[in-house]
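[1] Pasted the sequence and its predicted model underneath.
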Amino acid sequence: MTMTMRTVPGTVTTGTTTVTDGLALCPRPAPPRVRRVLSAAACSVGLALSACGGNGGGTAAAASPAPSPAPSPAPAPAPSLAASGLAVLIASGDATSEAIALAYQKARGIPDANLIRLTLPRGSDTLSTADFATLKASLDAQLPATVQATLLTWTQPSRVVGSSCSMGITSALALGYNARYCGNCGAPVTSAYYNADTRQPWTDLKLRPSMMLGAATLAEAQSLIARGVAADASMLNSRVTPQAWLVRTSDAVRSVRYPDFQALVASGLSGVGLHFVDNAGGGGADEITGQADVMFYLTGLATVPLAATNHYLPGAVADALTSYGGYLPGGNGQMPITTWLQAGLTGSYGTQEEPCNYTEKFPRATVLLARYRQGETLIEAYWKAVQAPGQGLFIGEPLARPWAVPP
């Protein structure tokens with residue numbers, strides 16, 4: 001079966017760019033109701049370069065179109081997430097994790113009570129469900145009731161592996177490990193935090209969004225933390241216009257988010273230069289290069305080798321819809337999301353097991369940009385932008401807030 005996509009009318013042409021600097025926040029999307037019907041072949045593990053977004057061959061899955069957005073609420077007041085509401089998790093006995101945590105505490109003013117040391121198995125990228133249950137119980141017993149989110153200061157393990165499927169460790173910590181959240185091409189399961197207006201997710205939803213810093217060395221961590229701190233309030237009264245690049249590449253199975261990109265450009269976003277690049281026909285370039293003042297870069301490719309040629313503003317986020325970006329450390333043959341951080345960005349997201357190309361399993365531009373632009377932190381905006389994050393991994397500096405002054 002050949003992948004079937006429903007196209008959305010647009011004004012761009014192949015190989016060109018549409019630029020908008022609008023006056024209103026983008027529409028708030030209603031939760032999608034459309035679900036895909038997948039053949040058994042399309043759901044097999046390792047379908048990485050087929051319609052499921054990986055590096056093998058096989059039957060393609062039909063991509064659901066982005067739902068029509070609903071009117072947006074007025075800009076919300078500044079969210080409450082701050083240093084006092086963030087717990088920093090340390091791998092006990094790991095000198096690098098300890099040093100990174102202390103560096104983060106110093107930079108962000110994290111309370112001593114919010115530094116949580118946990119025992120982790122050494123030398124493995126994965127965590128069994130039994131070991132994860134022990135870890136989660138230890139964490140829950142130590143967390144202050146005021147903590148609303150968590151930050152991991154290790155890069156291994158990065159995923160929790162069960163008998164049938166695996167979850168990114170950040171999603172497992174937030175949602176709890178449950179096979180209903182994973183299973184390769186399984187249907188998306190919506191997070192209660194998706195596009196939610198709450199500023200206290202644990203208090204309101206009993207969910208603590210989690211993020212991995214994503215730095216393997218202290219030097220990398222210090223550079224990333226510095227970008228996050230520099231991002232704070234950097235867009236308030238700035239002479240620089242942050243740029244958002246939304247790219248539909250010639251890789252059709254990885255570019256299924258393009259209707260949402262078009263919707264964002266059509267609606268506009270105050271104070272942000274919006275660029276939709278349509279290279280579906282392959283006549284132009286699949287990557288942006290040499291661009292300045294980039295704050296957002298969303299695309300669909302297995303690898304983005306020229307990512308480091310652009311100049312990224314402090315607080316910038318980027319991700320590519322592909323199968324194994326969150327499969328750390330190596331990406332399972334694709335570009336690991338840590339490469340975005342090494343290129344100078346402040347946050348990223350990727351899946352760590354074959355997700356198929358469900359748009360619900362990847363960040364939604366209309367939600368991500370609006371939430372970030374309203375003054376939410378990076379962790380809040382990114383988590384709220386992914387409807388079904390069970391197979392995903394969030395990395396970056398969680399408290400970066402380019403459009404708000406932290407309390």
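    On my side now, so go ahead.
[2] all strands for the stretch 51-200 of the chain, in order.
    Taking DSSP state E, counting those that start in this stretch to define them, one finds strands in the stretch 51-200 of the chain at 69-70, 86-91, 115-118, 126-128, 149-152, 159-161, 166-168.
[3] which helices and strands does the longest strand seen in the chain pack with?
    Counting by DSSP state E, the longest strand found in the chain is strand 312-320. Counting contacts by 3 or more Cβ pairs under 8 Å, 6 or more residues apart in numbering; DSSP states H and E, strand 312-320 packs against helix 218-231, strand 294-299, strand 347-351, helix 378-385. Yep, even glycine has a C-beta here, placed from its N, CA and C like the rest.
[4] Tell me which residues are up against the longest one.
    Translated: helix 218-231. Outside helix 218-231, the residues that touch it by Cβ atoms under 8 Å, 6 or more residues apart in numbering are 96, 99-100, 103-104, 107-108, 153, 213-215, 313-315, 341-342, 344, 346, 378, 396-402.
[5] how many other residues sit next to residue 273?
    18 (other Cβ atoms under 10 Å).
[6] thinking again about what came up before, out of the helices and strands packed on strand 312-320, which one sits most buried?
    strand 347-351 (a mean of 30; mean count of other Cβ atoms under 10 Å).
[7] quick one: it to strand 294-299, angle?
    Between strand 347-351 and strand 294-299, the angle comes out at 10 degrees (axes from the mean of the first three to the mean of the last three Cα atoms, to 10 degrees).
[8] In a markdown table: the helices and strands packed on strand 312-320, plus mean pLDDT.
    Formatted as a markdown table, the helices and strands packed on strand 312-320 follow (pLDDT from 0 to 100):
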| stretch | mean pLDDT |
| --- | --- |
| helix 218-231 | 98 |
| strand 294-299 | 98 |
| strand 347-351 | 98 |
| helix 378-385 | 98 |
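[9] Same list (those) but as CSV, adding distance to residue 251.
    What follows is those, written out as CSV (distance: least, Cβ to Cβ, whole Å):
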stretch, distance to residue 251
helix 218-231, 28
strand 294-299, 9
strand 347-351, 15
helix 378-385, 21
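[10] Please name the residues that touch residue 174.
    150, 191, 193, 207, 208, 209, 210, 383, 389.
[11] same deal with residue 310?
    Contacts of residue 310 by Cβ under 8 Å, 6+ apart are 288, 289, 290, 291, 292, 294, 297, 343.
[12] In this protein, where is pLDDT below threshold?
    1-80, 406-407 (pLDDT under 70).
[13] Centroid-nearest residue for it?
    With distances taken as Cα atoms, centre = their mean, the residue of the chain nearest its centroid is residue 349 (3.1 Å).
[14] Just confirm residue 242 contacts residue 275, I think it does.
    No: applying Cβ atoms under 8 Å as the test, residue 242 and residue 275 come out as separate, 11.4 Å apart.
[15] one step back: name the member of the contacts of residue 310 with the shortest distance to residue 185.
    residue 297 (26.6 Å; Cβ to Cβ).
[16] doesn't residue 287 make contact with that closest one?
    No: when contacts are counted by Cβ under 8 Å, residue 297 is not listed as touching residue 287 (9.4 Å).
[17] Walk me through the domains of the chain.
    17-76+238-394, 83-212 (automatic domain parsing).
[18] out of those, deepest packed?
    domain 17-76+238-394 (a mean of 22).
[19] gap between it and the chain center?
    8 Å (Cα atoms, centre = their mean, to the nearest Å).
[20] returning to what we had before: which residues are in contact with the residue nearest to the centre of the chain?
    319, 325, 326, 337, 362, 363, 382, 386, 392, 393, 394, 395.
[21] what do you get if the cut-off is 6 Å, keeping everything else the same?
    Residue 349 makes contact with 319, 363, 392, 394, according to Cβ atoms under 6 Å, 6 or more residues apart in numbering.
[22] now residue 180
    Residue 180 makes contact with residue 189 under the criterion Cβ under 6 Å, 6+ apart.
[23] Between helix 378-385 and the longest strand of the chain, find me the angle.
    Using the same axes, to 10 degrees: strand 312-320 against helix 378-385 is 30 degrees.
[24] separation between the closest residue to the residue nearest to the centre of the chain other than its chain neighbours and residue 325?
    Nearest non-adjacent residue to residue 349, counting by Cβ to Cβ, 6 or more residues apart in numbering: residue 319, 4.7 Å away. Distance from residue 319 to residue 325, counting by Cβ to Cβ, to the nearest Å: 7 Å.
[25] repeat for residue 280
    Counting by Cβ to Cβ, the gap from residue 280 to residue 325 is 21 Å.
[26] Check residue 217 too.
    Distance from residue 217 to residue 325, by Cβ to Cβ: 20 Å.
[27] thinking again about what came up before, pick out the most distant pair among the contacts of residue 174.
    Going by Cβ to Cβ, the pair spanning these furthest: 150 and 191, at 15.5 Å.
[28] for residue 153, what are its contacts?
    Here residue 153 is in contact with 90, 97, 100, 101, 213 (Cβ under 6 Å, 6+ apart).
[29] one more time with 7 Å, if that's ok
    Counting by Cβ atoms under 7 Å, 6 or more residues apart in numbering, residue 153 makes contact with 88, 89, 90, 97, 100, 101, 104, 213.
[30] any idea what sits nearest the fourth one, other than its immediate chain neighbours?
    Spelled out, it's residue 97. Distance criterion Cβ to Cβ, 6+ apart; nearest residue to residue 97, sequence neighbours excluded, is residue 91 at 4.1 Å.
[31] Out of the helices and strands packed on strand 312-320, which gets nearest to residue 178?
    Nearest of the helices and strands packed on strand 312-320 (Cβ to Cβ): strand 347-351, 16.4 Å.
[32] Can you show me the CA trace of that closest one as PDB?
    The C-alpha coordinates for strand 347-351 follow below in PDB (Å, rounded to 0.1, in the frame of the first residue of the first chain):
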ATOM      1  CA  GLY A 347      16.100  21.800  23.500                       C
ATOM      2  CA  SER A 348      14.900  18.900  21.300                       C
ATOM      3  CA  TYR A 349      12.600  15.900  21.200                       C
ATOM      4  CA  GLY A 350      12.700  12.500  19.500                       C
ATOM      5  CA  THR A 351      11.200   9.000  19.700                       C
END
